[in-house]
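Colleague: fold the stuff below for me.
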Amino acid sequence: MSRGLLPALLLALAGAPAAAAEPALRTADPAYLAMIADDEPALPRGWARGERERWSQPVLRLPLAPPVGPVATPAETARNSGLLIRWGSLNSVLTEMAVAITTGEPDVTLHVVVSGSSQQASAASTLAGAGADLSRVDFIVAPSNSVWMRDYGPRFIDANGRRAGVDHVYNRPRPQDDAIPQPVLARLGEPLYDMPIVHGGGNFHLFEDGTAYMTTLIAAENPGYTAAQIQGLYASYQGLDLTLVDPLPASFDSTQHIDMWMLPADGNRVLVNRYPNTGGIYATPFAVTEAAASLLAQRGKQVLRLDGFSANGTHYTYANAVVLDRLVLGCRFNNYETQNQAARVVFEQAFPTRQFVPIDCSSIITLSGALHCIVMHVPAVLLRDGFE
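Modeller: Numbers count the residues shown, from 1 in each chain. From the prediction side, this is the model:
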């Protein structure tokens with residue numbers, strides 16, 4: 001390059017707009033995470049001791065009052081403005097997630113449900129100490145019972161171009177959890193529609209094309225409805241075309257929720273667990289997931305497979321992950337480094353434009369759940385003047 005061209009090039013570069021900087025994603029120090037205490041014992045995602053005996057099938061007398069006009073449910077892979085969690089148990093897992101989210105996804109607000117001002121102060125101190133950006137955190141004060149926000153939190157929809165929430169009856173005798181959608185929607189200033197159905201929200205996944213999937217657990221929990229009537233409820237309340245598929249056996253996965261073995265991905269891709277074809281405890285899980293993978297492929301989806309397995313009575317799954325704008329938060333398990341790395345490779349194929357962030361799920365997985373189970377997405381909805 002001649003000396004005459006160099007000053008001109010430097011001048012041009014100086015006047016050019018700077019490229020947008022990528023978010024400075026931080027990761028929490030494992031030593032700090034190990035010192036975080038829970039405020040209470042964690043309830044399992046399945047039935048806690050004595051809960052099944054206390055549970056009675058509710059008589060649903062709620063009026064059928066879905067939104068009037070066009071309604072749709074944004075997919076989790078679409079743009080989100082927030083993510084909802086509940087503080088109190090599994091605080092180390094929540095903190096590790098919060099640090100990644102608040103530093104690596106600057107357009108998302110982390111909404112944290114706390115029991116009161118004292119717990120809010122404790123949570124804020126813990127999160128800040130780990131490196132979370134508290135300017136991205138919004139605390140919502142409301143009493144609750146458990147960490148499993150996916151199962152009892154509000155499902156967000158787009159109703160006539162406005163975000164709204166849909167509530168169902170939580171399929172556990174945890175009344176404070178069941179009431180959480182009311183204070184959440186009040187805080188966000190959005191309407192809430194009561195859906196007359198018993199449900200655990202993790203038994204649900206949807207795609208950007210308006211199709212959704214659940215296991216037939218939803219029919220077992222709602223004997224007053226036919227399968228067609230359940231599908232009709234999801235069409236009227238959420239604008240979805242719902243398909244019911246077989247669940248894993250409760251003896252293998254106590255939740256029987258679809259989010260324990262399936263995850264919609266970018267493009268037309270979907271992740272589905274693969275289990276050994278060895279018979280025994282794997283016979284039904286193998287049959288269920290192979291049938292689902294075949295159905296999804298027939299419907300034009302590119303199916304990628306993740307290895308699921310059982311060890312010491314625990315169902316280990318990588319499909320229970322959180323897709324959040326620039327990020328994908330996925331599980332890693334202690335003493336399973338080969339499986340962890342194999343799952344990461346699949347996630348990077350499924351989400352080529354997002355950053356994969358592994359989160360230690362060694363403790364939460366023994367409670368019959370993982371990352372997707374403890375969050376609820378708050379989508380960004382197209383408003384009159386553009387996205388909020």
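Colleague: what comes up buried for the longest helix along the chain?
Modeller: For the chain, the helix with the greatest residue count under DSSP state H is helix 283-298. By neighbour count on 16 or more other Cβ atoms under 10 Å, the buried set for helix 283-298 is T284, P285, F286, V288, T289, A292, A293, L296. Backbone N, C-alpha and C define where each C-beta goes, glycine included.
Colleague: and the third one, what does it touch?
Modeller: Think F286. F286 sits next to Y275, P276, N277 when contact means Cβ atoms under 8 Å, 6 or more residues apart in numbering.
Colleague: so which of the residues you listed is surrounded by the most neighbours?
Modeller: Of all the contacts of F286, Y275 has the most neighbours under the rule other Cβ atoms under 10 Å, reaching 24 neighbours.
Colleague: I'd like to know how far that residue sits from L127.
Modeller: 37 Å (Cβ to Cβ, to the nearest Å).
Colleague: check A121 too.
Modeller: Distance, A121 to L127, by Cβ to Cβ: 11 Å.
Colleague: so between the two, which is more surrounded?
Modeller: L127 (25 against 12).
Colleague: what angle sits between the next helix or strand after the longest helix of the chain and helix 283-298?
Modeller: Once helix 283-298 ends, the next helix or strand along the chain (criterion: DSSP states H and E) is strand 302-307. Orientation check (axes from the mean of the first three to the mean of the last three Cα atoms, to 10 degrees): strand 302-307 against helix 283-298 gives 160 degrees.
Colleague: show the average pLDDT along strand 302-307.
Modeller: What strand 302-307 shows for mean pLDDT is 98.
Colleague: sheet partners, orientation included, of that strand?
Modeller: Strand pairing for strand 302-307, determined by DSSP bridges: strand 269-274 (parallel).
Colleague: identify the residues contacting the partner strand?
Modeller: Contacts of strand 269-274 (Cβ under 8 Å, 6+ apart): 207, 261-265, 285, 289, 292-293, 296, 301-308, 317-319, 346-347, 350.
Colleague: just to revisit the earlier point, which of the buried residues of helix 283-298 lies closest to G369?
Modeller: G369 has its nearest neighbour among the buried residues of helix 283-298 in P285, at 16.9 Å by Cβ to Cβ.
Colleague: any idea how far the closest one is from V245?
Modeller: 13 Å.
Colleague: next: A228.
Modeller: From A228 to V245 the distance is 16 Å (Cβ to Cβ).
Colleague: comparing these two, which residue is more hemmed in?
Modeller: V245 (16 against 7).
Colleague: name whatever forms a beta bridge with that one.
Modeller: Under the criterion used (DSSP bridges), V245 bridges to T215.
Colleague: show me what contacts it?
Modeller: Contacts of V245 by Cβ under 8 Å, 6+ apart are Y213, M214, T215, T216, I258, V288, A291, A292, L295.
Colleague: now do the strands in the stretch 1-150 of the chain.
Modeller: 71-72, 80-86, 109-114, 137-141 (DSSP state E, counting those that start in this stretch).
Colleague: which one of the ones you listed lies closest to W55?
Modeller: strand 80-86 (20.7 Å).
Colleague: that closest one packs against which elements?
Modeller: If you count contacts as 3 or more Cβ pairs under 8 Å, 6 or more residues apart in numbering; DSSP states H and E, strand 80-86 packs onto helix 91-104, strand 109-114, helix 149-152, strand 322-324, strand 376-379.
Colleague: with distance to G313 and mean pLDDT added, can I get these in a markdown table?
Modeller: Below are the helices and strands packed on strand 80-86 laid out as a markdown table (distance: least, Cβ to Cβ, whole Å; pLDDT from 0 to 100):
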| stretch | distance to G313 | mean pLDDT |
| --- | --- | --- |
| helix 91-104 | 20 | 98 |
| strand 109-114 | 30 | 98 |
| helix 149-152 | 21 | 98 |
| strand 322-324 | 25 | 98 |
| strand 376-379 | 28 | 97 |
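Colleague: which of those sits most buried?
Modeller: helix 149-152 (a mean of 27; mean count of other Cβ atoms under 10 Å).
Colleague: name the residues that touch it?
Modeller: 45, 84-86, 113, 146, 170-172, 174, 177-178, 180-181, 200-202, 259, 372-376.
Colleague: off-centre distance for the longest helix of the chain?
Modeller: 22 Å (Cα atoms, centre = their mean, to the nearest Å).
Colleague: only C-alpha atoms, please: export that helix in PDB.
Modeller: Only the C-alpha atoms of helix 283-298 are listed here, as PDB (Å, rounded to 0.1, in the frame of the first residue of the first chain):
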ATOM      1  CA  ALA A 283     -39.100 -50.000  25.700                       C
ATOM      2  CA  THR A 284     -41.900 -47.500  25.900                       C
ATOM      3  CA  PRO A 285     -39.700 -44.300  25.900                       C
ATOM      4  CA  PHE A 286     -38.000 -45.700  22.700                       C
ATOM      5  CA  ALA A 287     -41.400 -46.400  21.000                       C
ATOM      6  CA  VAL A 288     -42.900 -43.000  22.100                       C
ATOM      7  CA  THR A 289     -40.100 -40.900  20.800                       C
ATOM      8  CA  GLU A 290     -39.500 -42.800  17.600                       C
ATOM      9  CA  ALA A 291     -43.200 -42.400  16.800                       C
ATOM     10  CA  ALA A 292     -43.100 -38.700  17.600                       C
ATOM     11  CA  ALA A 293     -40.000 -38.200  15.500                       C
ATOM     12  CA  SER A 294     -41.600 -40.000  12.600                       C
ATOM     13  CA  LEU A 295     -44.700 -37.900  12.800                       C
ATOM     14  CA  LEU A 296     -42.800 -34.700  12.900                       C
ATOM     15  CA  ALA A 297     -40.700 -35.700  10.000                       C
ATOM     16  CA  GLN A 298     -43.800 -36.600   8.000                       C
END
